[in-house]
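Asker: Predicted coordinates and the sequence they were generated for:
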Amino acid sequence: MKQSKLFGKTRKDISQDEKSINAELLTKAGFVEKQMAGVYDYLPLGLRVLRKIENIIREEMEAIGGQEILMTALQAKELWHQTGRWQELEPIMYQFQDHHGSQIGLATTHEEVITDIVKKHLSSYKDLPLYLYQIQNKFRDEKRVKSGLLRGREFLMKDLYSFHIDQKDLDEYYQVVYQAYLKIFKRLGLEAFAVEASGGAMSKQFSHEFMVKTEAGEDETVLCEKCGWAQNAEIAKVKSGEQCPQCQTIVKKFKTVEAGNIFRLGDKYSRPLKLQFTNQKGKLQEVVMGSYGIGLGRVMGTIVEASHDQDGIIWTETTSPYQVHLLNLAKNDKTQGKAEQIYKELHQQGLEVLYDDRDISFARKLKDADLIGVYWQLIVSDKQTELELVKRKDHQKILGDLNKVLSTIKKSVR
RNA sequence: CGGGGUGUGGCGCAGUUGGCUAGCGCGCGUCGUUUGGGACGAUGAGGCCGCGAGUUCGAGUCUCGCCACCCCGACCA
């Protein structure tokens, strides 16, 4: 992609009202644009990152047997009435009347709908277990939005729902998802750890939250840095400064962001909505359910919070909007041609390249590149005869010819 | 839900006790000089001062009424 054609410019100044680091950097770098408080548009760079996050999550969902579907955001009151959540969620659900006088709600979550859909296609124990997921927008009329992408009113979320014949089967799959989640966050380049939490409005049974350490976080977690034991500070029996119940190390309290969560729902939804199946003995029985979420925008915001410096964002290898940011600092024609050639070559090698071909000063190119935060920066210039490959993460520099550069990048990508 | 604040070129902001032609920075256009860490000069385009009413010789500025938005706190993924 030639940067001269890229939609979305970097900006030096943005509104002083924007307090969060993630929204500030993402806006300055041209990844997102705020439409309203807690509602963000994604520009080309931002969407590329979102897609990368999405693809990693999708791959891991498929790997544990998930089948992707897409449910509606518009939902009728009737369905929600049956579980009692039309009233329960009234404070955060967008509810309104359409021109026919029907009561409609925008989905805050999809347990009711998925249960209703599955009911139409599930009848026997032979149909179980079943794993369905979607990546779709959720709407929540938060009393107070804040922290940029970390708490929005419209946000993209991956939600997986599982259906089982009994609690035992759910418990086993719960562990599978647990491991898949750890893998997802690892692939995203985030250091996440699972903490025990109460199920909140979703479930009465124990659940887990996947937390990432950052000052921008709204949650507090008691964590043992040695063995990884952790609990949500709200329900933790062990307090900061006390000994870890597993390894006796002193535990500490950290601010964290909840990037994902998993719940055992049991029959909370299958009972009121009558999602039943015929068991081996020919009798009707309630399906046992689980639900598992990850907020994609929140993940994106969390990466920025957890990985940036004074100059800008530092994307992780797998979430960087492009793999390489090629910077043309040349002014004479010969080097200009060299940059063009390298751009074509990298492209042929199958690498995603953002090529800064703009006719502006070198200083602005470097500033912009640091702000945008692509994982690798590749600099072509008159002064330096060799190519300069810079890892944005630690400013580690590698000088060499194109072959050396290519092998370094490819080795890093694996 | 409580508290605080803001609406002025595309963006960020200033605008005094009401006063004359509404400014500054960034960005954008043109020309020239520059080129390894946000270069410089010249020149140009771009405004229903949130909306409505009122006071006044005169309103961005004062009064009243709307509308919209933002930040902080409690709460919540």
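Answerer: Thanks, I have it.

Asker: drop to CA atoms for contacts and neighbour counts, all remaining ones
Answerer: Fine.

Asker: All the helices of chain A, residue numbers only.
Answerer: A:21-28, A:44-63, A:77-83, A:85-88, A:111-119, A:167-188, A:296-306, A:333-348, A:362-372, A:402-413 (DSSP state H).

Asker: Ok, which of these comes nearest residue A:266?
Answerer: Residue A:266 lies closest to helix A:167-188 among those, at 7.0 Å (Cα to Cα).

Asker: Any chance of the helices of chain A in TSV with distance to residue A:194 and mean neighbour count as columns?
Answerer: Shown next, in TSV, are the helices of chain A (distance: least, Cα to Cα, whole Å; neighbours: other Cα atoms under 10 Å):
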stretch	distance to residue A:194	mean neighbour count
helix A:21-28	23	24
helix A:44-63	17	18
helix A:77-83	29	16
helix A:85-88	28	14
helix A:111-119	23	18
helix A:167-188	8	17
helix A:296-306	15	24
helix A:333-348	39	15
helix A:362-372	30	18
helix A:402-413	27	13
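
Asker: Nearest approach to residue A:393 belongs to which of these?
Answerer: Of all those, helix A:362-372 comes closest under Cα to Cα, at 10.0 Å.

Asker: Any part of that closest one near RNA strand B?
Answerer: Yes: using Cα under 7 Å from any atom of the strand, helix A:362-372 reaches RNA strand B at A:362, A:363, A:364, A:365, A:366, A:367, A:368, A:370, A:371.

Asker: Using a markdown table, lay out the helices of chain A together with mean pLDDT.
Answerer: Formatted as a markdown table, the helices of chain A follow (pLDDT from 0 to 100):
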| stretch | mean pLDDT |
| --- | --- |
| helix A:21-28 | 94 |
| helix A:44-63 | 98 |
| helix A:77-83 | 92 |
| helix A:85-88 | 92 |
| helix A:111-119 | 96 |
| helix A:167-188 | 97 |
| helix A:296-306 | 96 |
| helix A:333-348 | 90 |
| helix A:362-372 | 96 |
| helix A:402-413 | 91 |
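
Asker: Present those helices as TSV; the columns should include distance to residue A:96.
Answerer: Compiled in TSV, the helices of chain A are given as follows (distance: least, Cα to Cα, whole Å):
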stretch	distance to residue A:96
helix A:21-28	30
helix A:44-63	30
helix A:77-83	10
helix A:85-88	12
helix A:111-119	18
helix A:167-188	35
helix A:296-306	26
helix A:333-348	50
helix A:362-372	40
helix A:402-413	48
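
Asker: Tell me which of these sits nearest to residue A:283.
Answerer: Across the helices of chain A, residue A:283 has its closest neighbour in helix A:111-119 (16.2 Å, Cα to Cα).

Asker: so which of the helices of chain A gets nearest residue A:270?
Answerer: helix A:111-119 (6.8 Å).

Asker: Whatever residue of chain A ends up closest to RNA strand B: neighbouring residues, count only.
Answerer: As assessed by Cα to the nearest atom of the strand, RNA strand B sits closest to residue A:37 within chain A, at 2.7 Å. Look at residue A:37: counted by other Cα atoms under 10 Å, it has 15 neighbours.

Asker: Quick check, pLDDT for the nearest residue to it once chain neighbours are set aside.
Answerer: Of all residues not flanking residue A:37 in the chain, residue A:145 sits nearest, at 6.6 Å (Cα to Cα, 6 or more residues apart in numbering). At residue A:145, the model reports a pLDDT of 87.

Asker: Okay, residue A:300 and residue A:220: tell me how far apart.
Answerer: The spacing between residue A:300 and residue A:220, counted by Cα to Cα, to the nearest Å, is 20 Å.

Asker: What of residue A:106?
Answerer: Where residue A:220 is concerned, residue A:106 sits at a distance of 30 Å (Cα to Cα).

Asker: got it, and residue A:83?
Answerer: Distance from residue A:83 to residue A:220, by Cα to Cα: 31 Å.

Asker: ok, now residue A:336?
Answerer: 52 Å.

Asker: same thing with residue A:266?
Answerer: Residue A:266 is 27 Å from residue A:220, by Cα to Cα.

Asker: more crowded one of these two?
Answerer: With neighbours defined as other Cα under 10 Å, residue A:266 and residue A:220 compare such that residue A:266 has more, 22 against 18.

Asker: Show the pLDDT at the more buried one.
Answerer: pLDDT at residue A:266 comes out at 93.

Asker: Surely it and residue A:167 touch.
Answerer: Yes: counting by Cα atoms under 8 Å, residue A:167 is a contact partner of residue A:266 at 7.0 Å.

Asker: any common contacting residues for the two?
Answerer: Common contacts of residue A:266 and residue A:167 (Cα atoms under 8 Å, 6 or more residues apart in numbering): residue A:288.

Asker: Once you drop chain neighbours, what's closest to residue A:243?
Answerer: Residue A:243 sits nearest to residue A:250 (Cα to Cα, 6+ apart), 4.5 Å away.

Asker: Residue A:128 against residue A:162, yeah?
Answerer: No: taking Cα under 8 Å as the definition, residue A:128 is not a contact partner of residue A:162, at 9.3 Å.

Asker: for residue A:268, phi and psi?
Answerer: phi -50, psi -40 (degrees, to the nearest 10).

Asker: care to break chain A down by domain?
Answerer: For chain A, the structural domains run A:3-309, A:324-413, going by automatic domain parsing.

Asker: wait, which of those is closest to residue A:316?
Answerer: domain A:3-309 (5.7 Å).

Asker: can you tell me the distance between the two ends of that closest one?
Answerer: Note: domain A:3-309 ends 23 Å apart using Cα to Cα.

Asker: Now for the nearest residue to residue A:118 once chain neighbours are set aside: which residues touch it?
Answerer: Computed as Cα to Cα, 6+ apart, the closest residue to residue A:118 that is not its neighbour in sequence is residue A:275, at 7.7 Å. Applying Cα under 8 Å, 6+ apart, we find residue A:275 in contact with A:115, A:116, A:118, A:119, A:269, A:286, A:287.

Asker: Backbone dihedrals for residue A:275, please?
Answerer: phi -90, psi 100.

Asker: what's near enough to touch the residue nearest to residue A:37?
Answerer: A:37, A:38, A:151, A:152, A:153 are the contacts of residue A:145 under Cα under 8 Å, 6+ apart.

Asker: One more: residue A:38?
Answerer: Going by Cα under 8 Å, 6+ apart, residue A:38 touches A:145, A:146, A:148, A:149, A:151, A:152, A:153, A:154.
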